[in-house]
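S.K.: Okay, structure incoming, though there's no sequence with it:
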């Protein structure tokens, strides 16, 4: 069954603006990961946050995790047209790297 | 270096036919995963291998689906008596091991269309 549920589903922003998307899940997790998928291409791993971490940064990406609320957010700062993609959160509940993905957020960055 | 490759990139078949989808993982990766992605949805786990053995096949929807990895490298996902509902993009991923927090590297997928 799918764990993650991203919100909002679609986001359209101007280049240079920040994009924020959220993800909620239902059961306890070992870690949560965010992936990007460009149209017609495979998924690319962006960032992983462990259940004992609250915030993590990687370049223009900032991920937060609130295990009490079972939610995570992904912030992309200073967006670029190349950031246009679908973004998925995925949880690893059992520590075996079997991932449960959400439905995804479509982000369109307008040049 | 070479990433995960999948063949064919597209497969169109008729209802009731048998299909095989192939995945070549990154060399040296012992864990291999199959996911299925329907239009507008996130990937859904099907099965994963650690080495040659299927460590978890609980995501396979029914007994028409089967996967093998005989030599611990290339894997083949086999679907018998295909149905229109099997139409989806089938994604393969590999990681160094199956332990938690090992990054999964995904292939481009095989788009299966069952007419």
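M.R.: Great, that's in hand. Because the structure is a prediction, the values reported are computed rather than measured.
S.K.: What does the pLDDT read for whatever residue of chain A ends up closest to chain B?
M.R.: Of all residues in chain A, residue A:101 sits closest to chain B, at 3.3 Å by C-beta to the nearest C-beta. Where you see a C-beta, it was placed from the backbone N, CA and C, and this is true even at glycine. The predicted local distance difference test score for residue A:101 is 92.
S.K.: what sits against the nearest residue to residue B:82 once chain neighbours are set aside?
M.R.: For residue B:82, ignoring the flanking residues on the chain, the nearest one in space by C-beta to C-beta, 6 or more residues apart in numbering or on different chains is residue B:114 at 4.7 Å. For residue B:114, the contact set (C-beta atoms under 8 Å, 6 or more residues apart in numbering or on different chains) comprises B:13-15, B:17, B:82-87.
S.K.: Apply 7 Å and report the result again.
M.R.: B:13, B:15, B:82-84, B:86-87 (C-beta atoms under 7 Å, 6 or more residues apart in numbering or on different chains).
S.K.: In strands, which of the residues you listed fall?
M.R.: The strands, defined by DSSP state E, take in residue B:13 from these.
S.K.: And residue 102, its phi and psi?
M.R.: Just so you know, I chose chain A. Geometry field for residue A:102 lists phi and psi as phi -80, psi -170, criterion degrees, to the nearest 10.
S.K.: Any idea how many residues pack against it?
M.R.: Counted with other C-beta atoms under 10 Å in any protein chain shown, residues neighbouring residue A:102 total 27.
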